[in-house]
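> What would the 3D arrangement of this be:
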Amino acid sequence: MTTKPPLGTPDRLHDLSEVVGSAAGLLLDRGLPLEDALSAFELRYVREALRRSHGNLSQAAARLGIHRNTLRSKLQRNGDASRGGE
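As a prediction, the model looks like this:
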């Protein structure tokens, strides 16, 4: 079984760049404004961090490198109040 090199290595960064480039092309082809594309990516990224943290806001925030309150704010702003509280 082969393991992938760490994300910071040139091969992994190249792979990530390819994926992001493909997604950007698709979004541009569909006419999605930059702000909408960034919001959609952020929400998906945040939800993935929550999934990997089994719904624990503090752990997800640590994975994302942000404060727990910032994560709650992002969730509330994106209409995911069930995860962000109040």
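> three-state assignment of residue 54?
Classification of residue 54 by DSSP: H, G, I helix; E, B strand; the rest coil places it in coil.
> That one: neighbour count?
Neighbour count for residue 54, taken as other C-beta atoms under 10 Å: 8. No exception for glycine: its C-beta is placed from N, CA and C like everyone else's.
> What pLDDT does the model give it?
At residue 54, the pLDDT value in this model is 97.
> contacting residues around it?
By C-beta atoms under 8 Å, 6 or more residues apart in numbering, no residues touch residue 54.
> Quick check: it vs residue 66, distance?
For residue 54, the distance to residue 66 equals 18 Å [C-beta to C-beta, to the nearest Å].
> what do you get for residue 26?
27 Å.
> and these two? which has more neighbours close in?
Between residue 26 and residue 66, residue 66 has the larger neighbour count (other C-beta under 10 Å), namely 15 against 11.
> Poorly predicted segments of this protein, please.
Residues of the chain that meet the criterion pLDDT under 70 lie in 1-9, 80-86.
> got the residue ranges for the helices in it?
Using DSSP state H, the helices of the chain run over 10-29, 34-52, 57-64, 68-77, 81-84.
> So which residues make contact with the third one?
By C-beta under 8 Å, 6+ apart, the list of residues contacting helix 57-64 from outside reads 45, 46, 49, 50, 52, 53, 67, 68, 70, 71, 72, 83.
> show me what contacts residue 56?
residue 50.
> Please report phi then psi for it.
phi -80, psi 110 (degrees, to the nearest 10).
> mind checking how far it is from residue 50?
8 Å.
> likewise residue 60?
5 Å.
> cool, and residue 71?
8 Å.
> go on, residue 35?
Taking C-beta to C-beta, one finds residue 35 at 22 Å from residue 50.
> Compare neighbour counts for these two and give me the winner.
Neighbour tally, residue 35 and residue 50, criterion other C-beta under 10 Å: the higher count belongs to residue 50, 21 against 8.
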